[in-house]
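Novice: show me the folded form of this:
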Amino acid sequence: MTRTLIPWKERLPQFVGDFEREVETLFEHFLANGNRARGIAAFAPRTTVAETDNEYEVEVDLPGMKPEDFQVEMRGDELWLTGERKQQKEEKGKNYHRIEQEYGHFERAIPLAVPVNEGKIKAHYKNGVLKVTVPKSETVRPTRVPVSI
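Specialist: Numbering: from 1, shown residues only. Just a heads-up that it's a prediction; the model follows:
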C-alpha cells in the first residue's frame, strides 16, 4: 500500500484555506489599527546602518522634527533612537483632503555586534537627517600586519 505525499493543507476543502487567509488579514488589520490608536510604534523612521573598520554610521530620516523631539542613547550593546512626531492639528479654515505623514511614538533599537567607545559617540541633525557616529572600541579595531618577503 503506497500513499502519495500531499501537504496536509492541500487535502483540506477550499473554504478552510479561504478562512485562514481571512483570519490572517483581520488579525493584521486589528493589530495595525490598535497600535496606531494607542500611539504605539505608529511609524518607524527609515534608517541606514553602515560599518567601517573604525565605526558604525547610522542615518535616520526625521523630517519636520526638532532635536528636542527625539533622543539617542546607548543601552548595553544597542543604540536606541526614541521620540515622537506630533500629529498636525486641524486648523480653522483648512480642510485636509489627505494626510499621509506618519506620526506618533517611535523606538528603534540597533544592535551593535562589537564593543564601542561610548564616550566618543557623536550625533548631528541637519535638514531632517540625524547622523550618529559610533566609534568601535580600540580593542576590536583591525590592525594590519605588514608581510615581509
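Novice: did I read that right, Thr133 in a strand?
Specialist: Yes - looking at Thr133 with DSSP: H, G, I helix; E, B strand; the rest coil, it is inside a strand.
Novice: what's near enough to touch it?
Specialist: Thr133 makes contact with 55-58, 121-123, according to C-beta atoms under 8 Å, 6 or more residues apart in numbering. (Each C-beta comes from the backbone N, C-alpha and C, glycine too.)
Novice: again with Leu62
Specialist: Leu62 makes contact with 45, 69-70, 83, 85, 125, 128-130 under the criterion C-beta under 8 Å, 6+ apart.
Novice: pLDDT added to the contacts of Thr133, as CSV?
Specialist: Shown next, in CSV, are these (pLDDT from 0 to 100):
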residue, pLDDT
Glu55, 92
Tyr56, 93
Glu57, 96
Val58, 95
Ile121, 94
Lys122, 95
Ala123, 95
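Novice: ok, of these, which one's closest to Val49?
Specialist: Comparing the contacts of Thr133 against Val49 with C-beta to C-beta places Val58 closest, at 5.3 Å.
Novice: neighbours of the closest one, how many?
Specialist: Using other C-beta atoms under 10 Å, Val58 has 23 other residues around it.
Novice: ok but it is inside a strand, no?
Specialist: Yes - counting by three-state DSSP, Val58 falls inside a strand.
Novice: how about Glu138, phi and psi?
Specialist: phi -60, psi -30 (degrees, to the nearest 10).
Novice: do I have it right that it meets Asn117?
Specialist: Yes - with contact defined as C-beta atoms under 8 Å, Glu138 counts as touching Asn117 (7.2 Å).
Novice: who has more neighbours, the two?
Specialist: Neighbour totals were compared for Glu138 and Asn117, and Asn117 leads with 16 against 10 (other C-beta under 10 Å).
Novice: what's near enough to touch the nearest residue to the more buried one once chain neighbours are set aside?
Specialist: For Asn117, ignoring the flanking residues on the chain, the nearest one in space by C-beta to C-beta, 6 or more residues apart in numbering is Pro135 at 4.5 Å. Neighbour list for Pro135: 54-55, 116-117, 120-121 [criterion: C-beta under 8 Å, 6+ apart].
Novice: CSV please, covering the contacts of Leu62 and showing pLDDT.
Specialist: Below are the contacts of Leu62 laid out as CSV (pLDDT from 0 to 100):
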residue, pLDDT
Pro45, 88
Asp69, 92
Phe70, 94
Gly83, 92
Arg85, 87
Tyr125, 95
Gly128, 93
Val129, 95
Leu130, 96
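Novice: sounds good, over and out.
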